[in-house]
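Colleague: the amino acid sequence is not available; the structure is as follows:
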């Protein structure tokens, strides 16, 4: 016996991915529906599939009809499952809608921290909006580095393309990549996500910044804006305080270049690693004015770091002047000699020009002599008196009141060399004389004095034969 078909129910998955697009559906009887026998059902699945037929010998709540249908790609979207079931006495047509969703990988965002300093890790974070089946994520980091993240099925693609592979769990919502870039600059990072039916991509710029670095600070303990003056016989010593404000390096190179006053010709140069003091030997420079350039430049410990123009320089003038002559007399401030002896008076062995120590021929000597209680008739260094004559007896002249060493008054002796022999027989016993030597060279003049103390004569020597 057949009953009327009045209350059939049809249910199916609400949403299924494609591929495969397989839908599970269930045909059943509702409440107040008696058992149905010998049902003829014609099925329509979406718009791209043909009709299907099924014969149901019996349909009850405890024995529903269940089956599956695989939709083609053309049915992606809302697909209708419609069935018309009939028996000999009645029929009913019902339908339900199922969503066929393309199994599409969808990326949400690609992010990184802006402005990472060189040699530090750059962290790149990819957020995945939809992790589809068989999704693979190919990374290109902009410096030639490539890698592939994905499920196990992506491994073959990585091998085929010689890319490093990192396996991840299906459904993972994000990927984080940590990478150290080899150089400073901007790098285009791209992620290409794909599976068998879709793809998506995102890009971002990873900025690798140079380390903070400022020019070194240079200060001098004295005012180098004014001409720095040294004598030629002195070393040129430059003391500078250098402060390095740089995260790339704490090292610097100090250098000094000395040019002619017009700045055209380099005269001398010197440098020192982390040296606050740079020196030039005495007598390096001739007399005159020079331009001095002091420069402090940063010194690198890694070739990647760039410190072009990271230097500080100061330019100032240097004036090199003449050194006073060194004038002395051998024996110091005084010599003691008996009367009727010959005394060697020597200035040339202890007199020299500190600027040119080997230049002895340019020194001009002038000798003066007076009694200790007398004064030289000097006006500056210009003295003009007649040289004494040793043909005169100094003692007789002294009695006449002329004074001086030889009875002719204090004045210039007739010796022009740096050494002469003084005969004390021409002098008085128990008398103190003062010898003065003046030495000239170019515009410089120096002098020295020595007392000659004449004592008694040696006692006579008696020989008995």
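Modeller: Here it is on my side, so go on. Predicted model, so just to flag it, every value in this text is computed and none were measured. Residues are numbered from 1 along each chain as shown.
Colleague: contacting residues for residue 75?
Modeller: For residue 75, the set of contacting residues under the criterion of C-beta atoms under 8 Å, 6 or more residues apart in numbering consists of 21, 45, 46, 47, 48, 49, 100. (Each C-beta comes from the backbone N, C-alpha and C, glycine too.)
Colleague: sheet partners, orientation included, of the strand or helix carrying the last one?
Modeller: Taking DSSP states H and E as the definition, residue 100 sits inside strand 91-102. With DSSP bridges as the criterion, the sheet partners recorded for strand 91-102 are strand 15-18 (parallel), strand 77-86 (antiparallel).
Colleague: ok, which of those comes nearest residue 298?
Modeller: For the strands paired with strand 91-102, the distance to residue 298 is smallest for strand 15-18, at 60.1 Å, taking C-beta to C-beta.
Colleague: now do that closest one, average pLDDT.
Modeller: For strand 15-18, the per-residue pLDDT values average out at 89.
Colleague: need the pLDDT of the closest residue to residue 362 other than its chain neighbours.
Modeller: Counting by C-beta to C-beta, 6 or more residues apart in numbering, the nearest residue to residue 362 once its immediate chain neighbours are dropped is residue 441, at 5.3 Å. Note on residue 441: pLDDT of 95.
Colleague: and residue 441, bridged to which residues?
Modeller: residue 444.
Colleague: so it touches residue 361, yeah?
Modeller: No - the pair residue 441 / residue 361 is not scored as a contact, 10.1 Å apart, by C-beta atoms under 8 Å.
Colleague: contact partners of the strand holding residue 100?
Modeller: 5-18, 21, 23, 25, 46, 71, 73, 75-86, 197-198.
Colleague: likewise stretch 217-237?
Modeller: Residues from elsewhere that reach stretch 217-237 (C-beta under 8 Å, 6+ apart): 238-243, 245, 258, 277-287, 289, 292, 294, 296, 312-314, 316-323, 354-355.
Colleague: what of stretch 363-371?
Modeller: Under the criterion C-beta under 8 Å, 6+ apart, external residues in contact with stretch 363-371 comprise 325, 345, 347-348, 351-353, 376, 383, 403-406, 410-413, 415-418, 420, 431-441.
Colleague: buried ones in that stretch?
Modeller: Of the residues in stretch 363-371, those with enough neighbours to count as buried (16 or more other C-beta atoms under 10 Å) are 363, 365, 366, 367, 368, 369, 370, 371.
Colleague: can you show me the strands along the stretch 151-300 of the chain?
Modeller: Assigned strands in the stretch 151-300 of the chain, in chain order: 164-167, 174-179, 185-194, 199-209, 217-219, 228-231, 236-239, 241-243, 251-260, 266-273, 277-280, 288-299 (criterion: DSSP state E, counting those that start in this stretch).
Colleague: just the residues contacting the fourth one, thanks.
Modeller: Strand 199-209 is touched from outside by 104-107, 109-112, 114-118, 122, 124, 126, 141-142, 181, 183-194, with contacts defined as C-beta under 8 Å, 6+ apart.
Colleague: now, of those, which are buried?
Modeller: Burial by neighbour count, 16+ other C-beta under 10 Å: within these this picks out 104-105, 107, 110, 112, 116, 118, 122, 124, 126, 141-142, 181, 184, 187, 189, 191-194.
Colleague: buried among the contacts of stretch 363-371? Need that as a selection in ChimeraX.
Modeller: Applied in ChimeraX, the following selects the buried portion of the contacts of stretch 363-371 according to 16+ other C-beta under 10 Å:
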select :325,345,347,348,351,352,353,376,383,403,404,405,406,410,411,412,413,415,418,420,431,433,434,435,436,437,438,439,440,441
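Colleague: of the contacts of stretch 363-371, which belong to helices?
Modeller: With helices defined by DSSP state H, no entry of those lies inside them.
Colleague: ok, and what's touching stretch 12-27?
Modeller: Under the criterion C-beta under 8 Å, 6+ apart, residues 8-11, 41, 45, 56, 59, 64-73, 75-76, 79, 81, 83, 85, 96, 98-103, 132-133, 196-197 lie in contact with stretch 12-27.
Colleague: and it, what's buried?
Modeller: Of the residues in stretch 12-27, those buried by neighbour count under the rule 16+ other C-beta under 10 Å are 12, 16, 17, 18, 19, 21, 23, 25, 27.
Colleague: which ones are touching residue 333?
Modeller: Contact criterion C-beta under 8 Å, 6+ apart gives 449, 450, 451 as the residues in contact with residue 333.
Colleague: one more: residue 151?
Modeller: For residue 151, the contact set (C-beta under 8 Å, 6+ apart) comprises 134, 135, 136, 167, 168, 169, 170.
Colleague: just the buried ones from the contacts of stretch 12-27, in ChimeraX syntax?
Modeller: Typed into ChimeraX, the next command selects the buried ones out of the contacts of stretch 12-27 (criterion: 16+ other C-beta under 10 Å):
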select :8,10,41,45,56,59,65,69,71,72,75,76,79,81,83,85,96,98,100,103,132,197
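Colleague: phi first, then psi, for residue 73.
Modeller: The phi and psi torsions at residue 73 (degrees, to the nearest 10) take the values phi -60, psi -30.
Colleague: distance of it from residue 51?
Modeller: 20 Å (C-beta to C-beta, to the nearest Å).
Colleague: in a strand, residue 138, correct?
Modeller: Yes - with DSSP: H, G, I helix; E, B strand; the rest coil as the criterion, residue 138 is located in a strand.
Colleague: now do the nearest residue to it once chain neighbours are set aside, the pLDDT please.
Modeller: Among residues not flanking residue 138 along the chain, residue 192 sits closest, at 4.6 Å (C-beta to C-beta, 6+ apart). According to the predicted model, the pLDDT of residue 192 comes to 97.
Colleague: so residue 179 bridges to which residues?
Modeller: Applying DSSP bridges to residue 179 yields these beta-bridge partners: residue 122.
Colleague: adjust the sequence numbering to begin at 11 for everything that follows.
Modeller: Noted, 11 is the first residue going forward, which turns the last one into residue 189.
Colleague: contacts only, for it.
Modeller: For residue 189, the set of contacting residues under the criterion of C-beta under 8 Å, 6+ apart consists of 131, 132, 134, 151, 155.
Colleague: surely residue 194 is in contact with residue 128?
Modeller: Yes - judged on C-beta under 8 Å, residue 194 makes contact with residue 128 at a distance of 5.0 Å.
Colleague: now do the phi/psi pair for residue 84.
Modeller: Backbone torsions for residue 84, taken as degrees, to the nearest 10, come to phi -60, psi -20.
Colleague: what about it, how many residues nearby?
Modeller: Neighbours of residue 84 under the rule other C-beta atoms under 10 Å: 12.
Colleague: and this protein, what are its domains?
Modeller: For the chain, the domain assignment from automatic domain parsing gives the residue ranges 18-112, 116-219, 227-331, 344-467.
Colleague: mind putting those domains into CSV with distance to residue 473?
Modeller: Formatted as CSV, the entries for these read as follows, by distance: least, C-beta to C-beta, whole Å:
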stretch, distance to residue 473
domain 18-112, 145
domain 116-219, 102
domain 227-331, 56
domain 344-467, 18
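Colleague: where in the stretch 361-475 of the chain is pLDDT low?
Modeller: By pLDDT under 70, the low-scoring segments of the stretch 361-475 of the chain are 387-412.
Colleague: do a quick rundown of the strands in it.
Modeller: Applying DSSP E, counting those that start in this stretch to the stretch 361-475 of the chain gives strands spanning 374-381, 421-422, 429-433, 441-451, 454-467.
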